[in-house]
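*Asks:* Sharing a model that was predicted from the sequence below.
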Amino acid sequence: MTAGLVPGTGPGQVWDAPVASGPLDATVSVPGSKSLTNRFLVLAAIAAEPVTVRGGLRSRDSDLMIGALRGLGIEVDDSGDEWRVTPGPLRGGAHVDCGLAGTVMRFVPPLVLLADGPVSFDGDEGARVRPMGPLLDALRALGATVEDGGTGTLPFTVTPPAAMPAEVEVDSSSSSQFVTGLLLTAPRLRHGLTVRHTGETLPSLPHIDMTCETLREAGIRVDQPDERTWVVHPGEIRPGDVRVEPDLSNAGPFMAAALVAGGTVRIPGWPDVTTQPGAYYPELLTRMGATCTLDGDVMTVSGTGRIAGIDADLSPAGEITPTIAALCALADGPSRLTGIGHLRGHETDRLAAIATEVERLGGTCHADDDSLTFGGMPAEGLAGAVMETYHDHRMATFAAIVGLAVPAVKVLDVGTTSKTMPDFPQMWAGMLGADA
Ligand SMILES: O=C(O)C1=C[C@@H](OP(=O)(O)O)[C@@H](O)[C@H](O)C1
Ligand SMILES: C=C(OP(=O)(O)O)C(=O)O
């Protein structure tokens, strides 16, 4: 069943967030990681041999990536559970729809350096305000022609250069995805590429580590002479057959549910070692009152229904902020989340969205340049409302978490979760032991 067929989950509709009627006892298998799926797809497209991707995420963001690569002339067979990507020359003349996917708008334009002609890019209205300028400037510095009407945002057209330098600077303080995009294409450039970050801060470092690991596992040498420089050596990309880890960021709302409702939620397939930012959950949730144990590959999270406030720097793991924020909204005491200014350039301005939605329920939350501060208000003090999701999958799961404890929370456009987790409403109902 698709999300649109569950009552209240169609576009513009309102979904009644279920209230937990008692402690949970659930095992939830989450689909593959968005970040790993889209990295594997990009690398497979420019690999030296066909690549099989197992456990790839089926979602709007990965469908957009597959569409982009097909537009560039790459054959992707995603008809079964195992996808087969057959690399080939990258064709110019394509138009890429980025939707609202940061991974598509930041990972695909550097591929045009390898193409035989110009490629144009556009996306959702909300994508046209997401930061792109530093990456477009880096592509210009590499000799590409970029026409963006002087906006530094989508829509734009990239025309490949005839020759290019082997070093480039980029200010990646508004998104780590600028560095990642350049690194992914780098092994196929004649001399490889040295990428130097020039900004003062750099968010989401684990996601850059994920890029380097993915390249290394595909046989590419990546050196990091200092904290802001990456050297990718030229080479043949040979990922072999790859398996995508479960998306730990998307496991987050289910793990958080154990704290809100009490009881236990188990997440199978938890990797031993991972570069996903969801790896921060066990420590953060423990500080908020949960017990988290990894037994084999099963992460078990148990909670009591009482949540402790937290003071945490989330700059390495900005993506998990909305989930931690939902817990902060329900916590017994105040919380402060810092290092998250760049979230203003995510699917929506997440700092403003979180503060607005917490206040809509009667809680207190203040957003400043780089942080969120919560008054803390156990669920008894909050009142249900129709919550906005701003086309942001993580604002939809934020509202669902709060709705477990606050009666009469209604979620506008919960189907926005299709960006990375199309079956979210059914999975949420399944966790609660109910039908969607
Ligand atoms: O490289 C990636 O796959 C991602 C990097 C991060 O981007 P930012 O550095 O822009 O936050 C993260 O928030 C996003 O969801 C996925
Ligand atoms: C920021 C996110 O996505 P994107 O890849 O579109 O940047 C996210 O999924 O939280």
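*Replies:* Received the coordinates, thanks. Numbers count the residues shown, from 1 in each chain. Ligands and ions are numbered 1, 2, ... in the order given.
*Asks:* Only C-alpha atoms from now on, for both contacts and neighbour counts.
*Replies:* Will do.
*Asks:* where's the closest residue to ligand 1 within the stretch 1-150 of the chain relative to ligand 2, distance?
*Replies:* The stretch 1-150 of the chain approaches ligand 1 most closely through Ser35 (3.7 Å), counting by Cα to the nearest ligand atom. For Ser35, the distance to ligand 2 (Cα to the nearest ligand atom, to the nearest Å) stands at 7 Å.
*Asks:* right, and that residue touches Thr103 too?
*Replies:* Yes: shown here, Ser35 and Thr103 form a contact pair, counting by Cα atoms under 8 Å, at 7.4 Å.
*Asks:* what does this structure put close to ligand 1?
*Replies:* The chain comes close to ligand 1 at residues Ser35, Thr103, Ser175, Ser176, Gln177, Pro203, Ser204, His207, Gly318, Glu319, as judged by Cα under 6 Å from any ligand atom.
*Asks:* ok, the last one touching Leu248?
*Replies:* It refers to Glu319. No: between Glu319 and Leu248 there is no contact under Cα under 8 Å: 10.5 Å.
*Asks:* Show me whatever sits in contact with both of the two.
*Replies:* Pro277 (Cα atoms under 8 Å, 6 or more residues apart in numbering).
*Asks:* and the two? which has more neighbours close in?
*Replies:* Between Glu319 and Leu248, counting by other Cα atoms under 10 Å, Leu248 is the more crowded of the two (26 against 19).
*Asks:* what's the pLDDT at that one?
*Replies:* Residue-level confidence at Leu248 comes out at 98, pLDDT.
*Asks:* Also the one 4 residues further on?
*Replies:* According to the per-residue confidence, Gly252 scores 98 in pLDDT.
*Asks:* Going forward, the N-terminal residue is numbered 409.
*Replies:* Sure, I'll start counting at 409 from here, so that last one is Gly660.
*Asks:* What is the neighbour count of it?
*Replies:* Under the criterion other Cα under 10 Å, the count of neighbours that Gly660 has is 23.
*Asks:* In three-state terms, label it for me.
*Replies:* What DSSP: H, G, I helix; E, B strand; the rest coil gives for Gly660 is helix.
*Asks:* Could you check which helix or strand contains the nearest residue to it once chain neighbours are set aside?
*Replies:* Excluding the flanking residues, the one nearest Gly660 by Cα to Cα, 6 or more residues apart in numbering is Thr731, at 6.5 Å. Here Thr731, judged by DSSP states H and E, is contained in helix 729-738.
*Asks:* Do a quick rundown of the helices in the stretch 609-758 of the chain.
*Replies:* 613-625, 656-669, 689-695, 729-738, 758-768 (DSSP state H, counting those that start in this stretch).
*Asks:* Can I get these in JSON lines including distance to Met785?
*Replies:* Shown next, in JSON lines, are those (distance: least, Cα to Cα, whole Å):
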{"stretch": "helix 613-625", "distance to Met785": "32"}
{"stretch": "helix 656-669", "distance to Met785": "13"}
{"stretch": "helix 689-695", "distance to Met785": "17"}
{"stretch": "helix 729-738", "distance to Met785": "5"}
{"stretch": "helix 758-768", "distance to Met785": "10"}
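*Asks:* For Asn446, which residues are in contact?
*Replies:* Counted by Cα under 8 Å, 6+ apart, Asn446 has contacts Ser470, Met473, Thr511, Val512.
*Asks:* Hmm, I typed the wrong one, I wanted Ala453.
*Replies:* Leu477, Ile482, Val493, Thr494, Pro495, Gly496.
*Asks:* The fourth one touches Glu457, doesn't it?
*Replies:* Yes: here Thr494 lies in contact with Glu457, judged by Cα under 8 Å, at a distance of 7.0 Å.
*Asks:* if you count what's nearby, which of the two comes out ahead?
*Replies:* Using other Cα under 10 Å, the more surrounded residue of Thr494 and Glu457 is Thr494, with 19 against 16.
*Asks:* For the more buried one, list each beta-bridge partner.
*Replies:* The partner list for Thr494 in beta bridges (DSSP bridges) reads Glu483.
*Asks:* ok, it to Val461 distance?
*Replies:* 11 Å (Cα to Cα, to the nearest Å).
*Asks:* Likewise for Leu444?
*Replies:* For Leu444, the distance to Val461 - Cα to Cα - is 10 Å.
*Asks:* who touches both of these two?
*Replies:* Val652.
*Asks:* Thr772: which of the contacts of Asn446 is nearest?
*Replies:* For those, the minimum distance to Thr772 (Cα to Cα) is 32.7 Å, reached by Thr511.
*Asks:* give me the element the closest one is part of.
*Replies:* Going by DSSP H and E, Thr511 is part of helix 510-515.
*Asks:* So for the following helix or strand past that helix, mean pLDDT?
*Replies:* Sequence-wise, the next helix or strand downstream of helix 510-515 (DSSP H and E) is strand 527-530. Across strand 527-530, pLDDT averages out at 98.
*Asks:* What of stretch 610-619?
*Replies:* So the average pLDDT for stretch 610-619 ends up being 98.
*Asks:* Output that stretch as PDB - backbone C-alpha positions only.
*Replies:* Taking C-alpha atoms only, stretch 610-619 is exported to PDB below (Å, rounded to 0.1, in the frame of the first residue of the first chain):
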ATOM      1  CA  LEU A 610      32.000  22.400   8.500                       C
ATOM      2  CA  PRO A 611      28.800  20.500   9.300                       C
ATOM      3  CA  SER A 612      28.000  16.800   8.900                       C
ATOM      4  CA  LEU A 613      31.700  15.600   9.000                       C
ATOM      5  CA  PRO A 614      30.500  12.000   9.300                       C
ATOM      6  CA  HIS A 615      28.800  12.400   5.900                       C
ATOM      7  CA  ILE A 616      32.200  13.500   4.400                       C
ATOM      8  CA  ASP A 617      33.800  10.500   6.100                       C
ATOM      9  CA  MET A 618      31.100   8.300   4.500                       C
ATOM     10  CA  THR A 619      32.100   9.600   1.100                       C
END
